[in-house]
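A.B. asks: Pasting the sequence and the predicted coordinates here, then a few questions.
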Amino acid sequence: MRRAVVAFVLALAAGILSAPLTGDAQQPAKVFRIGILATVPPTTPEASRLWEVFFQGLRELGYVDGTERL
């Protein structure tokens, strides 16, 4: 009986001492969000060229709608 108690205490001590050695999970990548406040929607014929230039500039910087920047 005494041997079982000693084995249990040693196992418990080993578990407590090895706990700080475990690795931490990686942090998720930062998600960039761009908000646009405009009075003209991108679907209007008058503003479609301006919006397309804006979206093209974002694509050139690596931002693609619905994906993460690489």
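C.D. replies: Great, that's in hand.
A.B. asks: which one's the longest helix in this protein?
C.D. replies: helix 2-18 (DSSP state H).
A.B. asks: what packs against that helix?
C.D. replies: The helices and strands touching helix 2-18, judged by 3 or more CB pairs under 8 Å, 6 or more residues apart in numbering; DSSP states H and E, number zero. Just so you know, the C-beta spots here come from the backbone N, C-alpha and C atoms, and that holds for glycine as well.
A.B. asks: Just the C-alpha atoms of it, please, in PDB.
C.D. replies: Listed next in PDB are the C-alpha coordinates belonging to helix 2-18 (Å, rounded to 0.1, in the frame of the first residue of the first chain):
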ATOM      1  CA  ARG A   2       2.800   2.400   0.900                       C
ATOM      2  CA  ARG A   3       4.500   1.700  -2.400                       C
ATOM      3  CA  ALA A   4       1.400   2.600  -4.300                       C
ATOM      4  CA  VAL A   5       1.100   5.900  -2.500                       C
ATOM      5  CA  VAL A   6       4.700   6.700  -3.200                       C
ATOM      6  CA  ALA A   7       4.200   5.900  -6.900                       C
ATOM      7  CA  PHE A   8       1.100   8.100  -7.000                       C
ATOM      8  CA  VAL A   9       2.900  11.000  -5.400                       C
ATOM      9  CA  LEU A  10       5.800  10.700  -7.800                       C
ATOM     10  CA  ALA A  11       3.500  10.500 -10.800                       C
ATOM     11  CA  LEU A  12       1.600  13.500  -9.600                       C
ATOM     12  CA  ALA A  13       4.800  15.500  -9.000                       C
ATOM     13  CA  ALA A  14       6.100  14.600 -12.400                       C
ATOM     14  CA  GLY A  15       2.900  15.700 -14.000                       C
ATOM     15  CA  ILE A  16       2.900  19.000 -12.200                       C
ATOM     16  CA  LEU A  17       6.600  19.700 -13.100                       C
ATOM     17  CA  SER A  18       6.200  18.800 -16.700                       C
END
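A.B. asks: Go through whichever helix or strand comes after it and flag the buried ones.
C.D. replies: The helix or strand immediately downstream of helix 2-18 is helix 48-60, counting by DSSP states H and E. Counting neighbours by 16 or more other CB atoms under 10 Å, one finds that the buried residues in helix 48-60 are residue 51.
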